[in-house]
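Peer 1: Below: sequence and its predicted model.
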Amino acid sequence: MSWRVRGAVVPLSRPVVLGIVNVTPDSFSDGGSFFSAEDAVAHAMRLVAEGADMLDVGGESTRPQGATPVGVEEELRRVLPVVGALRTACPGIPISVDTVKSAVAAAALEAGASVINDVSGLRIDPAIARVCAEAGAGLVVMHSRGGVGDMSTYQHATYGPDVVGEVVAELSGRVDVALGAGVHPDAIAVDPGIGFSKRSIHSLAVLSALARVVALGYPVMVGVSRKRFIGEITGVKKPAGRTYGSIGAAVAALARGARLFRVHDVRGAREALDAAWAILGPDAAGMPAEPSAGGAPARPD
Ligand code: HH2
């Protein structure tokens, strides 16, 4: 199984780690840390050295406390220099851009991005699908409800008895929009949107029954990194301190069928997922020829 993105085919024969590069002043766990293009690029390069297979660059936060929507011009000002610089600095690493705006998607693809990660699942600006289809880009269709300002809140977290069924049905409808606009089926990945319009109980239900999302037939991405449900389970209040819980959740999602992992803390996730995959994966009996094929430098034991 593989994922066809612009200019590359991403093999899913082992877990794929996407390092998060937030070029925002207000992201929930690292807002403001890498707000200048130079800092964001340096951070991204560190993530690649730690073993990231791909990078996900975002210029607009959807933070749980209610995010402030950003205009097209400002989002482009944040994202484009970073995409351009990364294209040159690490040509072998496909870049995903986290946006809900077709104008940003088009410019980002033009600047060298390979994937558009739409946390609105084509609800806010369905023209993203056409932009991706025309560019031959990968498209992450994520489940959420509401707008940028409230999709990470509990405003729309109202579900009947079958939470997972509702999420899968809504996600499936959004995938149909992508296909209808001409996006190649092999270019689509789906994401159940952990923490988006979901209380912890809903996120846990979805992760536990992830096989129902896998059954849609597309590679499954999850973004569990530092999310609120990890804080509620572990009691760790500060998002940046939720690394170990995040790794545990990522490994559990791998066991349930996820193949793409959007993470802040790349080294830990890379090592944990690779170790878990050596046990769970199709070649469980054999050691991978190159355990750190993602680029992590060799380190003494
Ligand atoms: N989560 C966030 C942002 N983008 N994309 C996908 N596909 N899946 C996710 O779970 C996901 C996502 C939120 O996390 P973060 O980027 O750290 O924070 P913020 O939205 O505050 O920038």
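Peer 2: Now that the structure is in, tell me what you want to look at. Numbering: from 1, shown residues only.
Peer 1: For the rest of this, base every contact and every neighbour count on C-alpha atoms.
Peer 2: Fine.
Peer 1: Show me where the chain has its strands.
Peer 2: Secondary structure of the chain (DSSP state E): strands located at 2-5, 8-11, 16-22, 54-58, 95-98, 115-118, 138-142, 188-191, 221-222, 260-263.
Peer 1: Using neighbour counts, pick out the buried residues of the second one.
Peer 2: What it means is strand 8-11. Neighbour counts over strand 8-11 (16 or more other Cα atoms under 10 Å) mark Val10 as buried.
Peer 1: quick revisit: can you add mean pLDDT and give the strands of the chain back as a markdown table?
Peer 2: Putting the strands of the chain into a markdown table (pLDDT from 0 to 100) gives the following:
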| stretch | mean pLDDT |
| --- | --- |
| strand 2-5 | 98 |
| strand 8-11 | 98 |
| strand 16-22 | 97 |
| strand 54-58 | 98 |
| strand 95-98 | 98 |
| strand 115-118 | 98 |
| strand 138-142 | 98 |
| strand 188-191 | 98 |
| strand 221-222 | 98 |
| strand 260-263 | 98 |
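Peer 1: what would the ones you listed look like in CSV with distance to Thr243?
Peer 2: Output for the strands of the chain, formatted as CSV (distance: least, Cα to Cα, whole Å):
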stretch, distance to Thr243
strand 2-5, 27
strand 8-11, 26
strand 16-22, 14
strand 54-58, 18
strand 95-98, 22
strand 115-118, 23
strand 138-142, 23
strand 188-191, 21
strand 221-222, 15
strand 260-263, 9
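Peer 1: Quick one: closest of those strands to Ala108.
Peer 2: strand 95-98 (7.0 Å; Cα to Cα).
Peer 1: What strands line up against that closest one, and which way round?
Peer 2: strand 54-58 (parallel), strand 115-118 (parallel) (DSSP bridges).
Peer 1: Does the first one reach the ligand?
Peer 2: Think strand 54-58. No. On the criterion Cα under 6 Å from any ligand atom, strand 54-58 is out of touch with the ligand, staying 6.7 Å away.
Peer 1: So which residues make contact with that strand?
Peer 2: With Cα atoms under 8 Å, 6 or more residues apart in numbering as the test, strand 54-58 has contacts from 16-24, 44, 48, 79, 82-83, 93-99, 117, 262.
Peer 1: redo that, cut-off 7 Å
Peer 2: 17-23, 79, 93-99 (Cα atoms under 7 Å, 6 or more residues apart in numbering).
Peer 1: What residue, apart from its backbone neighbours, is nearest Lys237 spatially?
Peer 2: Gly231 (5.7 Å; Cα to Cα, 6 or more residues apart in numbering).
Peer 1: Pretty sure that neighbour sits against Gly241.
Peer 2: No. Counting by Cα atoms under 7 Å, no contact exists between Gly231 and Gly241, whose distance comes to 8.8 Å.
Peer 1: more crowded one of these two?
Peer 2: Taking other Cα atoms under 10 Å, Gly231 and Gly241 do not tie; Gly231 has more neighbours (18 against 13).
Peer 1: The ligand versus the more buried one, what's the distance?
Peer 2: Per Cα to the nearest ligand atom, to the nearest Å, Gly231 is found 14 Å from the ligand.
Peer 1: Then Ile279?
Peer 2: The spacing between Ile279 and the ligand, counted by Cα to the nearest ligand atom, is 25 Å.
Peer 1: Do you know the pLDDT at that residue?
Peer 2: Note on Ile279: pLDDT of 96.
Peer 1: Now the closest residue to the ligand within the stretch 151-300 of the chain: closest residue in space, sequence neighbours ignored.
Peer 2: With Cα to the nearest ligand atom, the shortest gap between the stretch 151-300 of the chain and the ligand falls at Gly223, namely 3.4 Å. Nearest residue to Gly223 in three dimensions, chain neighbours excluded: Arg262, at 4.9 Å (Cα to Cα, 6+ apart).
Peer 1: do you know how far the closest residue to Arg212 other than its chain neighbours is from Leu216?
Peer 2: Nearest non-adjacent residue to Arg212, counting by Cα to Cα, 6+ apart: Val168, 7.2 Å away. Distance from Val168 to Leu216, counting by Cα to Cα, to the nearest Å: 8 Å.
Peer 1: Thr68 too?
Peer 2: Going from Thr68 to Leu216 by Cα to Cα gives 33 Å.
Peer 1: One more: Gly136?
Peer 2: 21 Å.
Peer 1: Go back to the contacts of strand 54-58 and keep what's next to the ligand.
Peer 2: For the ligand, the contacts drawn from those by Cα under 6 Å from any ligand atom are Asn22.
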